[in-house]
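Peer 1: Quick check, what structure comes out for this input:
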Amino acid sequence: MTEPIPLRRRLAANAVALTPSFAALLVLHGVGDLAIGPMLAAMAAIAVVTAFLVHRYLASLARFARFVGELSGEREPEMPRLGFAPATEDLATAASQLSAGWRRQHASIDNLAASAQAIVDGLPDPLLAVDRQRRLVRTNRAAGELLGAAAAERDLSTVLRQPPLLAAVDGLLETTDGNFAGPEQAAVELTLSGPPERDVVAQLRRLPRPAADGSLVLIVLHDTTALRRAERMRADFVANASHELKTPIAGLAGFIETLRGPARDDVAARERFLGIMAEQAERMRRLVDDLLMLSRIEQHEHARPDTSVDLERVLKGVLDLLQLRAGARGVTLRLDVEPGLPPVPGDHDELTVVFQNLIDNAVKYTRPDTAVHVALQVAADGRVAVAVADEGDGIAAQHLPRLTERFYRVDAARSRQMGGTGLGLAIVKHVVNRHRGRLDIHSIPGKGSTFTVTLPAVP
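Peer 2: Numbers count the residues shown, from 1 in each chain. This is a model prediction of the structure:
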């Protein structure tokens with residue numbers, strides 16, 4: 001509906017339109033060619049006709065103004081009828097065409113922006129873009145998964161508190177006399193806190209000019225955790241394996257030399273030495289198997305499992321596997337399961353290794369003719385907890401912080417005698433870290449120990 005035309009505007013338009021006619025009539029009256037009566041009658045008639053025409057013209061202009069105003073909306077307005085203002089009709093047609101072109105360009109820009117964001121989100125590495133003031137302008141999906149949701153217009157330091165990275169960004173943004181004085185690109189090695197910790201190389205590049213959204217410096221975070229861990233594992237494997245394998249290899253070499261020499265024809269000695277050699281070979285096999293398993297777990301420790309696992313089923317399978325070994329020592333295995341437990345996100349085989357190690361250790365170190373209690377229940381924070389408790393000699397408090405270190409043993413001789421490699425709890429720790437869980441150890445010397453694994457539940 002057209003808004004009413006203000007009286008002041010109508011009066012002004014009528015005055016402008018009537019001025020030439022009234023001036024002509026006054027001139028004719030002044031020279032004696034037109035009497036005052038006919039002059040006044042003519043003025044009245046002209047005023048009425050002019051008022052009508054001016055009203056229609058102003059109404060057309062008002063419809064044109066409304067049409068132009070509606071062009072900025074979401075929908076294309078209907079072209080108004082402007083018969084009393086042909087010039088405005090041409091203007092309306094031109095404005096409509098201009099608006100249609102603008103809409104097409106706007107849609108094209110929106111599609112281009114959406115495509116650009118889709119491409120950025122498809123990048124496997126986290127990407128962040130900051131403006132000239134070091135404010136965060138854009139991130140991709142990988143960055144959101146790594147760093148969490150980060151609101152725009154926040155300083156980069158609120159998302160990544162890494163002084164070397166911030167210094168590198170400031171170096172790229174540094175200007176002298178209005179021109180950039182620093183390099184166009186830089187690389188910084190970072191360690192992001194966990195768990196688990198991540199080794200990252202940040203690649204930074206300054207754009208030639210700010211993008212439409214203000215982005216000026218792009219930061220790509222390339223995860224080198226697997227590479228660094230592979231390098232560390234190779235070094236650790238050589239050091240640890242050489243240390244642990246030295247004794248059995250030396251023993252095997254000695255037995256072989258003896259069997260080739262003094263005990264060549266001694267059947268009894270040969271049988272005894274071959275038995276010892278078989279035990280040492282089995283010990284080396286277990287050691288190599290555990291080292292390889294630990295290496296595989298550490299390679300993908302930063303990748304969280306995405307399948308669901310029923311812990312009750314895992315624990316029952318482990319208890320069935322260890323029942324014979326427990327019976328040989330007179331140990332009773334007891335499983336208490338709280339009903340209605342949710343599944344946990346995890347890897348079935350890796351969780352089996354975790355609880356097999358914990359329950360096997362409990363069977364080894366508990367006193368004969370006692371029980372190992374395994375409890376599966378909901379923890380106070382809504383997560384799922386598995387507690388493995390034995391009735392052994394317990395562990396002194398000073399040893400607890402180091403139990404999950406590779407090859408750390410409270411009693412090295414007893415551990416080797418029982419066939420331990422010193423890697424079981426290290427494997428447990430890394431698997432639990434991969435599952436974003438927690439391992440708690442509580443022990444009272446003389447009474448026993450409790451190892452509790454707490455894992456997040458499936459939402």
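
Peer 1: okay but R135 is in contact with T158, surely?
Peer 2: No: contact between R135 and T158 fails when scored by C-beta atoms under 8 Å: they sit 9.8 Å apart. Where C-beta positions appear, they are placed from N, C-alpha and C, glycine not excepted.

Peer 1: Which of those two has more residues huddled nearby?
Peer 2: Taking other C-beta atoms under 10 Å, R135 and T158 do not tie; R135 has more neighbours (15 against 11).

Peer 1: what separates the more buried one from E174, distance-wise?
Peer 2: R135 sits 16 Å away from E174 when distances are taken as C-beta to C-beta, to the nearest Å.

Peer 1: what sits opposite T452 in the beta ladder?
Peer 2: Beta bridges link T452 to A387, D440, judged by DSSP bridges.

Peer 1: what about the closest residue to L146 other than its chain neighbours, how many neighbours?
Peer 2: Excluding its sequence neighbours, the residue lying closest to L146 (C-beta to C-beta, 6 or more residues apart in numbering) is P126, at 4.8 Å. Neighbourhood size, P126 [other C-beta under 10 Å]: 21.

Peer 1: Got the confidence number for P126?
Peer 2: Per-residue pLDDT puts P126 at 89.

Peer 1: wouldn't it be in contact with G148 here?
Peer 2: No: with contact defined as C-beta under 8 Å, P126 does not count as touching G148 (11.3 Å).

Peer 1: Find residues that contact each of those two.
Peer 2: Residues touching both P126 and G148 (C-beta atoms under 8 Å, 6 or more residues apart in numbering): none.

Peer 1: Show me the strands in the stretch 51-200 of the chain, by range?
Peer 2: 127-130, 136-139, 175-176, 179-180, 185-192, 198-206 (DSSP state E, counting those that start in this stretch).

Peer 1: which stretch of helix or strand covers A212?
Peer 2: Assigning secondary structure by DSSP states H and E places A212 outside every helix and strand.

Peer 1: Now do the contacts for it.
Peer 2: Contacts of A212 (C-beta under 8 Å, 6+ apart): none.

Peer 1: what are the phi and psi angles of H300?
Peer 2: For H300, the backbone dihedrals (degrees, to the nearest 10) come out as phi -120, psi 30.

Peer 1: Per-residue pLDDT of it, please?
Peer 2: Listed pLDDT for H300 reads 76.

Peer 1: Am I right that it is in contact with R434?
Peer 2: Yes: applying C-beta under 8 Å as the test, H300 and R434 come out as touching, 7.1 Å apart.

Peer 1: Low-confidence regions, the stretch 101-250 of the chain specifically.
Peer 2: The stretch 101-250 of the chain contains residues with pLDDT under 70 at 101-103, 106-117, 149-152, 233-234, 236-238, 240-241, 243.

Peer 1: Next: the stretch 301-450 of the chain.
Peer 2: In the predicted model of the stretch 301-450 of the chain, residues 411-421 satisfy pLDDT under 70.

Peer 1: all helices for it, in order.
Peer 2: Secondary structure of the stretch 301-450 of the chain, counting by DSSP state H, counting those that start in this stretch: helices at 311-328, 348-365, 412-417, 424-434.

Peer 1: Give the other helices and strands that the first one contacts.
Peer 2: Meaning helix 311-328. If contacts are counted by 3 or more C-beta pairs under 8 Å, 6 or more residues apart in numbering; DSSP states H and E, helix 311-328 sits against strand 332-337, helix 348-365, strand 371-378, strand 384-389.

Peer 1: What is the burial count for the closest residue to V453 other than its chain neighbours?
Peer 2: Take V453 and drop its neighbours on the chain: the residue closest to it by C-beta to C-beta, 6+ apart is V386, 4.9 Å away. By the criterion of other C-beta under 10 Å, V386 has 27 neighbours.

Peer 1: same check, this time on I276
Peer 2: Using other C-beta under 10 Å, I276 has 13 other residues around it.

Peer 1: in the helix or strand hosting it, what's buried?
Peer 2: Per DSSP H and E: I276 is located in helix 267-299. Residues of helix 267-299 classed as buried by neighbour count (16 or more other C-beta atoms under 10 Å): 273, 277, 280, 283-284, 287, 290-291, 293-295, 297-298.

Peer 1: With respect to I395, which of these is nearest?
Peer 2: For the buried residues of helix 267-299, the minimum distance to I395 (C-beta to C-beta) is 20.6 Å, reached by D290.

Peer 1: Distance of A62 relative to L227?
Peer 2: In terms of C-beta to C-beta, A62 sits 71 Å off from L227.
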